[in-house]
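In: here is a sequence with its predicted model. Questions after.
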Amino acid sequence: MNELQLKYGCNPNQKPARIFMENNKDLPIEILCGKAGYINFLDAFNSWQLVKELSTALNMPSATSFKHVSPTSAAVGNILSKEQKKAFFVDDIDGLDYSPLACAYARARGTDRMSSFGDWIALSETCDAVTASIIKREVSDGIIAPDYTPEALEILRSKRKGNYNIIKIDKDYIPAELERKQVFGITFEQGRNNFKIDRALLDNIVTKNKKMPENAIKDLIISLITLKYTQSNSVCFAYDGQAIGVGAGQQSRIHCTRLAGSKADIWHLRQHPKVLNLPFVENIARPDRDNVIDVYISEQNEDVLGDDVWKKFFTTRPEPFTKEEQTAYLASKTGVSLGSDAFFPFGDNIERAYRSGVTYIAEPGGSIRDDNVIEVCDKYNMTMAFTGMRLFHH
């Protein structure tokens with residue numbers, strides 16, 4: 001199959017639309033179910049590159065959850081703690097501990113559940129039944145993976161009344177070295193970003209603190225590879241084998257850091273006992289539960305705790321999760337890693353990162369204010385490496 005006709009492009013008025021290969025080559029995919037759209041394929045091919053690179057770099061199964069051509073998270077297959085299983089709503093999944101791939105997707109989907117609603121999924125390995133059982137009950141647009149077990153395929157084909165988008169990709173496919181796209185009738189051409197991200201990239205430590213343990217190295221690699229496929233400007237907080245906060249597509253880097261930091265904070269707060277033990281009414285829909293938790297943690301918690309509304313969501317009225325309690329809880333969190341796709345221009349990014357438990361940082365360096373950024377890192381005894389490599393993605 002050399003080309004695939006699509007219903008429309010980014011919007012319904014953009015017709016005709018298709019994906020195709022030049023020089024009469026075959027597309028490196030097989031459509032197993034559904035009819036994916038233009039944006040679905042943008043998500044599919046970007047997300048596949050991320051998980052393939054992440055799996056190769058860390059030699060672990062990986063997964064990502066994509067929305068509008070940026071990852072909400074990416075993760076490798078670390079076993080989840082009891083609290084994480086409950087916070088990510090996978091504590092009832094049989095066999096989860098025995099499927100690293102399922103653990104990776106549970107983490108990726110569980111990171112930022114509000115943003116992952118209707119996601120596109122990419123898996124680095126053959127999709128198994130355990131992973132498919134998690135995907136089955138989530139609202140998702142589709143999935144791309146190198147293969148599927150027969151049982152997993154049967155489970156996934158039952159989604160969306162048999163119309164769930166399932167794509168199999170040739171894991172050995174290597175694209176051409178040059179890539180092209182058109183804007184306003186003008187063709188842009190560049191070499192593919194084949195820059196290798198590995199532990200050697202973290203050798204140039206510029207802070208007084210030179211300590212960088214193995215878990216931080218792994219998290220920084222996850223952060224940087226995630227950024228490589230995130231719309232710029234972008235920063236990424238990572239912890240325990242997964243991205244826990246992605247700030248994508250902001251014109252100001254401090255806004256990226258604030259956005260990603262707030263998402264990382266929510267990731268931590270959702271594992272607090274007050275949130276884990278919220279007394280939800282029976283049969284509350286999963287998206288409604290996600291939204292209620294998001295509001296409960298926020299400054300607008302009266303929207304779900306007020307006298308006239310709490311009974312819609314809870315069997316008993318929960319106590320508020322106060323700002324003071326949240327601040328104290330977050331203050332106990334350290335060891336978070338932070339990557340940036342370009343240099344931090346001011347030390348305010350580091351000040352904000354510190355409030356979200358950041359201890360390890362990787363960024364290109366090259367700002368005229370590098371000394372100020374390093375000074376703030378030293379103030380908090382952080383370890384920062386200059387990678388020397390920008391990771392813009394558009």
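Out: Right, received. Where do you want to start?
In: direction included, what does the helix or strand where residue 338 lies pair up with?
Out: In this structure, residue 338 sits in strand 336-340 according to DSSP states H and E. Paired neighbours of strand 336-340 in the sheet (DSSP bridges): strand 234-239 (antiparallel), strand 358-363 (parallel).
In: averaged pLDDT, stretch 328-344. What do you get?
Out: For stretch 328-344, mean pLDDT rounds to 96.
In: what comes up buried for that stretch?
Out: Judged by neighbour count (16 or more other CB atoms under 10 Å), stretch 328-344 contains these buried residues: 329, 330, 333, 336, 337, 338, 339, 340, 341, 342, 343, 344. Backbone N, C-alpha and C define where each C-beta goes, glycine included.
In: and if you look at stretch 226-239?
Out: Under the neighbour-count criterion of 16+ other CB under 10 Å, stretch 226-239 has 226-239 buried.
In: what of stretch 198-217?
Out: Under the neighbour-count criterion of 16+ other CB under 10 Å, stretch 198-217 has 201, 202, 205, 206, 207, 212, 216, 217 buried.
In: the fifth one and residue 373 touch, don't they?
Out: Meaning residue 207. No - at 9.6 Å, residue 207 does not count as touching residue 373 under the criterion of CB atoms under 8 Å.
In: count of residues packed around residue 25?
Out: Burial of residue 25 is recorded as 10 neighbouring residues (other CB atoms under 10 Å).
In: from residue 182, how far off is it?
Out: The spacing between residue 25 and residue 182, counted by CB to CB, to the nearest Å, is 20 Å.
In: find the nearest non-adjacent residue to residue 187, please.
Out: The shortest distance from residue 187 to any non-neighbouring residue, by CB to CB, 6 or more residues apart in numbering, is to residue 180 (5.6 Å).
In: model confidence score at the one you found, please.
Out: You'll see residue 180 listed with a pLDDT of 94.
In: what do you get for residue 187?
Out: In this model, residue 187 carries a pLDDT of 95.
In: surely it is in a strand?
Out: Yes - under DSSP: H, G, I helix; E, B strand; the rest coil, residue 187 sits within a strand.
In: how is this structure partitioned into domains?
Out: For the chain, the structural domains run 3-174, 179-269+330-386, 273-320, going by automatic domain parsing.
In: quick one on the thing from earlier: what is in contact with residue 207 and residue 373 at once?
Out: Listed as contacting both residue 207 and residue 373 by CB atoms under 8 Å, 6 or more residues apart in numbering are residue 384.
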